[in-house]
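1. What would the 3D arrangement of this be:
(one chain, ligands or ions: 2)
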Amino acid sequence: MVRGFSVKDKMKFSIELLQKPVKFIINLVFPVYCLLCKEQLSYQTDTYLCDACKKNLILISGKVCHKCGRPFVNGICTTCREKQFYFSKARASGIYDGSVRECIHFFKYNRKTYLLETLFEVFLLPNSLDFPSCDLIVPVPLHWIREYSRGFNQAELIGKKISKRFNIPLSKTSLKRTKATPSQTGLSLKERTKNIKGAFSARNEQKLNEKRILLVDDVMTTGATVNECSRVLLQAGAREILVYTLARGV
Ligand SMILES: [Zn+2]
Ligand SMILES: [Zn+2]
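-> Ligands and ions are numbered 1, 2, ... in the order given. All right, here's what the predicted structure looks like:
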């Protein structure tokens, strides 16, 4: 029954009625394919992965190391027993392998930033991180040359999604990458720690003072980068650092 509806409601109703056929026609002319398996997607979908590929994304849902969040059955993993990380807890949604890795590559290197929406729809945000208890979100910064050439900072886009969902302010000026470091790929934790040392510096320290910070990045591999960021943030006066990454290596 349309009677009794406001003009605004009627307009909304008409737009919704029109949306389906319009989408159907657009899809006929410009079909959308699943980014992973290339199967054509239904015109009714707003995502960029088919259902089968979404199901294949490996999420971290079982027991994890209490400290670094890697899948681990019993308490604290060997790395965390040997190394004192500055952050108090790190958690990730997926395993950085197979299709999760492919999606992150699409998102990061092929500028398919819209894929982030789909990833957040599928990925579980780990309950044990207690997002609402954080005072401020700080994305891991890129060196400005890297950010300029990529066109965006992937960590900032992830941070913005969490900021919106939990209504937590985000600061992209509190942490700066002052040194462009060579690629960390293939290096051990010890080598990465040495490589990244002194690459970040804190700004606007009053914003960080006594704050519980949620440090955000796309992938955590050995933890050297987020650990160095945590060290700098704590030194600048932050009370505690929690880390969230979309995925982590195992
Ligand atoms: Zn697919
Ligand atoms: Zn651990």
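
2. sec struct for the nearest residue to Lys63 once chain neighbours are set aside, please.
-> Closest residue in space to Lys63, ignoring its immediate chain neighbours: Val73 at 5.3 Å, by CB to CB, 6 or more residues apart in numbering. (Each C-beta comes from the backbone N, C-alpha and C, glycine too.) Val73 falls in the coil class when you classify it by DSSP: H, G, I helix; E, B strand; the rest coil.

3. Is Val73 in contact with Val64, as I believe?
-> No. Between Val73 and Val64 there is no contact under CB atoms under 8 Å: 9.2 Å.

4. who has more neighbours, those two?
-> With neighbours defined as other CB atoms under 10 Å, Val73 and Val64 compare such that Val64 has more, 21 against 9.

5. For the more buried one, give its distance to Thr178.
-> Taking CB to CB, to the nearest Å as the measure, Val64 falls 32 Å from Thr178.

6. Then Phe106?
-> On the measure of CB to CB, Phe106 and Thr178 end up 29 Å apart.

7. okay, those two: which has more neighbours?
-> Neighbours were counted for Phe106 and for Thr178 using other CB under 10 Å; Phe106 has more, 19 against 12.

8. Touching, that one and Leu49? I think so.
-> No. With contact defined as CB under 8 Å, Phe106 does not reach Leu49; the gap is 9.9 Å.

9. Can you check which residues contact both of these two?
-> Shared contacts of Phe106 and Leu49, defined by CB atoms under 8 Å, 6 or more residues apart in numbering, are found at Leu35.

10. you'd agree Thr245 is in a strand?
-> Yes. Applying three-state DSSP, one finds Thr245 inside a strand.

11. tally of neighbours for it?
-> 27.

12. which SSE is Ala180 in?
-> Using DSSP states H and E, no element contains Ala180; it sits outside every helix and strand.

13. Roughly how far does it sit from Ser149?
-> For Ala180 relative to Ser149 (CB to CB), the value is 11 Å.

14. and the protein, which residues reach ligand 1?
-> Residues of the chain lying near ligand 1 by CB under 5 Å from the ion: 34, 36-37, 50, 53.

15. Narrow these to those that are buried.
-> Buried subset of these (neighbour count, 16 or more other CB atoms under 10 Å): 34, 36, 50, 53.

16. Return the distance of the first one relative to Ala247.
-> The spacing between Cys34 and Ala247, counted by CB to CB, is 19 Å.

17. cool, the last one as well?
-> Taken as CB to CB, the spacing of Cys53 relative to Ala247 amounts to 16 Å.

18. Flag every residue of the chain that's near ligand 2.
-> Near ligand 2, when you scan the chain using CB under 5 Å from the ion, you find 65, 67-68, 77, 80.

19. Just to be sure, which of the residues you listed are found in strands?
-> Of the residues of the chain next to ligand 2, none are assigned to strands by DSSP state E.

20. Farthest-apart pair in those residues, please.
-> Pairwise distances among those were taken by CB to CB; the largest, 7.4 Å, belongs to Lys67 and Cys77.

21. Please identify which of these two sits among more neighbours.
-> Using other CB under 10 Å as the criterion, Lys67 and Cys77 rank with Lys67 on top: 21 against 18.

22. so where's the chain shaky on pLDDT?
-> Where the chain drops to pLDDT under 70, the residues are 1-4, 23-29, 43-46.

23. For it, just list every one of the strands.
-> Using DSSP E, strands in the chain cover 89-95, 136-139, 175-177, 200-202, 212-220, 240-248.

24. Now tabulate those strands in TSV and tack on distance to Arg192.
-> TSV is the format used below for these (distance: least, CB to CB, whole Å):
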stretch	distance to Arg192
strand 89-95	15
strand 136-139	19
strand 175-177	15
strand 200-202	14
strand 212-220	11
strand 240-248	14
